[in-house]
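how would this look folded up:
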Amino acid sequence: VELAAAKGAAELEAAARAKVDELSAKKSALESERADLAAKVERIREKLPMAGSQERSVDADLLLAQLRMAAGQEPDDRDDSCSPSLESDLAALGADDALAALKRKINDSRKEQ
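As a prediction, the model looks like this:
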């Protein structure tokens, strides 16, 4: 602008002043946007520690019941090997007797070889 004024070019001076005004407005807008972003970053930094404290905990029993239902089982079924119903079912089937007979058969076949 000063160079154009020194050379006496009024047309160039006006164009230079318009460009300076345009760039000043752009600079102001960018500074305003920067201030907004800085404020948002500060708010996020303040909220960040609180976000971790609001995590939901998992109820393991409820999750297990839901998984059992999804698998088609009763929600309260347990796979306890010592459960009385399992032992009574095995006794009713005569599993112990069948196992003993199978062991005798295997031992007899080994002796024959």
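
how close does P75 sit to Q66?
In this view, P75 and Q66 are 8 Å apart by CB to CB, to the nearest Å. C-beta: built from backbone N, CA, C; applies to glycine.

cool, S85 as well?
For S85 relative to Q66 (CB to CB), the value is 23 Å.

give me the below-cutoff pLDDT ranges for the chain.
1, 4, 52-56, 77-84, 90, 113 (pLDDT under 70).

and it, what are its domains?
2-53, 83-113 (automatic domain parsing).

could I get those as TSV with mean neighbour count and distance to D59?
Output for the domains of the chain, formatted as TSV (neighbours: other CB atoms under 10 Å; distance: least, CB to CB, whole Å):
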stretch	mean neighbour count	distance to D59
domain 2-53	10	18
domain 83-113	10	24
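
for the lengthiest helix in the chain, packing partners?
In the chain, assigned by DSSP state H, the helix with the most residues is helix 10-53. Packing partners of helix 10-53 (3 or more CB pairs under 8 Å, 6 or more residues apart in numbering; DSSP states H and E): helix 2-7.
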